[in-house]
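Below is the structure, and that's it, no one-letter string:
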């Protein structure tokens, strides 16, 4: 696992916490991969459309949960740390994050 | 590949067309599976949060496209065929489809 | 209130039912208008951003409910009636409705 | 127009900027109010469902734009200012904002 180059001056415990969060996120994404394979099986077996749609809804919710989790992590770490060092940098990070949220809302 | 029990009285060409649509849907879902594995790699390599969010947005869009495609198929086949045989059955199918759309909108 | 030109051959009771549905929809939209005016007051009084966002979420949900209600009405009436008269016309209506759903999902 | 109690120690020019942003937001919400009244007229005149759905999509997009604008303002001011004064307070604000985004995504 690579070193995160955006957080030079963080404590060991903060790095531990982030590694735990990353592990949890990875497990969620593996579950989502399994759900997508489940969708393939449903399509291949020509299961009932409405049941497949219900399962797609579940995958979307699971993806959203990962997105919201990532966003909180990003705001609490990257954005606040950038702002702590330089006000302008903080505002730039906020703008970047807002654009990402806007794309997510529109997808 | 199993026989679809909801479409007893459809022509061979219609069955062919639906098999083609199913194959296309399966390929899209395999691409989505690849995208989800890409997300795992991004998280594992601790890539920049905003880039991961952008990729999640892309997966959501791809899933939505499958959902809309399935929905069109469902409306054009299951719902219209049910309605052709029995008006009440048609309305029940419409209600069921509307609930699925509503869940999708809320997810 | 104008005559709906898309439903020439429907029974009186069906027309009554649709007028009732339209009245209900109109009341919902008036409530939404009131909610939007409430948002203006919140912005004007410089209320807390998060509270305004919560209220925007409520307006979105209310708008969605109207959209889903309209969609069900459209599928159960326009689409099924078109399909009952002509198979091709039914499929065209399904395609048009699917595009509307797709735009709604993306908004 | 009331004083915003969350920003005690900001400069005059920052207050001016925020008043301008609030005025712009108010104008957008008045446009949305007009769009909602337009929807009422469309329903009352029994216009074509798909056209009404297209208009609902437009209102949703307009509401989203206000939400994203508010969110950026909130992150750039409330959240960053809270974080500048106290790290824990900053993290609490991030959590609160993330929950609001999550509700918005699910609506």
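Noted; the coordinates are in hand. Everything numeric here is computed off the predicted structure, so don't read it as measured data.

make it CA atoms for all contacts and neighbour counts henceforth
OK.

Let me know whether the longest helix that chain A contains sits next to chain D.
When chain A is parsed with DSSP state H, its longest helix is helix A:12-44. No: using CA under 8 Å from any CA of the partner chain, helix A:12-44 never reaches chain D; the gap is at least 13.4 Å.

Tell me how far that helix lies from the chain's centre.
For helix A:12-44, the gap between its own C-alpha mean and the chain's C-alpha mean amounts to 10 Å (CA atoms, centre = their mean, to the nearest Å).

again with stretch A:31-48
Averaged C-alpha coordinates place stretch A:31-48 at 22 Å from its chain's average position (CA atoms, centre = their mean).

same question for it, mean pLDDT?
Stretch A:31-48 shows a mean pLDDT of 97.

next one: stretch A:71-91
94.

end to end, how far does it reach?
One end of stretch A:71-91 sits 16 Å from the other (CA to CA, to the nearest Å).

quick one: is that stretch near chain C?
No: contact of stretch A:71-91 with chain C (CA under 8 Å from any CA) is absent, the minimum separation being 15.4 Å.

Can you give me the buried ones in that stretch?
For stretch A:71-91, the neighbour count (16 or more other CA atoms under 10 Å in any protein chain shown) marks A:71-84, A:87, A:89-91 as buried.

Looking at those residues, which are in helices?
Residues of the buried residues of stretch A:71-91 located in helices (DSSP H): A:71-74, A:80-84, A:87, A:89-91.

of the residues you listed, list those near chain B.
Filtering those for neighbours of chain B using CA under 8 Å from any CA leaves A:71, A:74.

so residue A:93 touches residue A:82, yeah?
Yes: if you go by CA atoms under 8 Å, residue A:93 and residue A:82 touch, sitting 7.3 Å apart.

ok, for residue A:54, nearest residue in space, not its chain neighbours?
Computed as CA to CA, 6 or more residues apart in numbering or on different chains, the closest residue to residue A:54 that is not its neighbour in sequence is residue B:100, at 6.7 Å.

and that neighbour, how many neighbours?
20 (other CA atoms under 10 Å in any protein chain shown).

Can you give the distance from stretch A:45-63 to the centre of its chain?
Computed by CA atoms, centre = their mean, the chain-centroid distance of stretch A:45-63 equals 21 Å.

what residues does that stretch touch?
A:28-29, A:32, A:35-36, A:39, A:42-43, B:1-4, B:22, B:56, B:60, B:63, B:67, B:70-71, B:74, B:96-97, B:100, B:103-104, B:107 (CA atoms under 8 Å, 6 or more residues apart in numbering or on different chains).

swap the cut-off to 7 Å and go again
Around stretch A:45-63, the neighbours that count as contacts under CA atoms under 7 Å, 6 or more residues apart in numbering or on different chains are A:32, A:35, A:39, A:42, B:1-2, B:4, B:60, B:67, B:70, B:74, B:97, B:100, B:103-104, B:107.

just stretch A:84-92 next, same as before
Stretch A:84-92 is contacted by residues A:79-80, A:82-83, D:76, D:84 when judged by CA under 7 Å, 6+ apart.

can you rerun that using 10 Å?
Stretch A:84-92 is contacted from outside by A:78-83, A:93-98, D:72-73, D:75-77, D:80-81, D:83-85, D:87, using CA atoms under 10 Å, 6 or more residues apart in numbering or on different chains.

related to what we said a few turns ago, mind telling me what element the residue nearest to residue A:54 is part of?
Per DSSP states H and E: residue B:100 is located in helix B:87-105.

Repeat that for residue A:107.
Per DSSP H and E, residue A:107 falls between elements, in no helix or strand.

residues in contact with it?
A:101, B:56-64, C:105-107, D:105.

For those, pick the one with the most neighbours.
For the contacts of residue A:107, the largest number of neighbours (other CA under 10 Å) sits with residue A:101, at 24 neighbours.

Chain D versus that one, what's the distance?
As judged by CA to the nearest CA, to the nearest Å, residue A:101 and chain D stand 8 Å apart.

my guess is that residue meets residue D:105, correct?
Yes: counting by CA atoms under 10 Å, residue A:101 touches residue D:105, with 9.1 Å between them.

what residues are shared contacts of these two?
Jointly contacting residue A:101 and residue D:105 under the rule CA under 10 Å, 6+ apart are A:68, A:107.

what about residue A:47, is that helix, strand or coil?
Classification of residue A:47 using DSSP: H, G, I helix; E, B strand; the rest coil returns coil.

quick one, what contacts residue A:34?
Here residue A:34 is in contact with A:28, A:40, A:59, B:33, B:36 (CA under 10 Å, 6+ apart).

Format those as TSV; extra columns: distance to residue B:49.
Listed next are those as TSV, based on distance: CA to CA, whole Å:
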residue	distance to residue B:49
A:28	16
A:40	28
A:59	20
B:33	20
B:36	15
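
Closest to chain D out of the residues you listed?
Of all the contacts of residue A:34, chain D sits closest to residue A:59, with 13.2 Å by CA to the nearest CA.

do you know how far the closest one is from residue B:39?
Going from residue A:59 to residue B:39 by CA to CA gives 14 Å.

do residue A:103 as well
According to CA to CA, residue A:103 and residue B:39 sit 17 Å apart.

Also residue A:56?
From residue A:56 to residue B:39 the distance is 18 Å (CA to CA).

got it, and residue A:84?
For residue A:84, the distance to residue B:39 (CA to CA) stands at 29 Å.

can you check residue A:61 too?
Per CA to CA, residue A:61 is found 16 Å from residue B:39.

Please apply the same query to residue A:14.
Distance, residue A:14 to residue B:39, using CA to CA: 23 Å.

out of the two, which sits in the more crowded spot?
More crowded of residue A:14 and residue B:39, by other CA under 10 Å: residue B:39, with 24 against 12.

Now do the contacts for that one.
Taking CA under 10 Å, 6+ apart as the criterion, residue B:39 is in contact with A:25-26, A:29-30, A:33, B:33, B:45, B:47, B:51-53, B:55-56, B:59.

Let me have these in TSV, adding distance to residue D:18 as columns.
Shown next, in TSV, are the contacts of residue B:39 (distance: CA to CA, whole Å):
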residue	distance to residue D:18
A:25	37
A:26	40
A:29	40
A:30	44
A:33	44
B:33	44
B:45	39
B:47	34
B:51	30
B:52	32
B:53	29
B:55	33
B:56	32
B:59	36
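
Filter those down to just the buried residues.
For the contacts of residue B:39, a burial check counting by 16+ other CA under 10 Å picks out A:25-26, A:29-30, A:33, B:33, B:47, B:52-53, B:55-56, B:59.

Spatially, which residue comes closest to residue A:82, not counting chain neighbours?
Distance criterion CA to CA, 6+ apart; nearest residue to residue A:82, sequence neighbours excluded, is residue A:90 at 5.0 Å.
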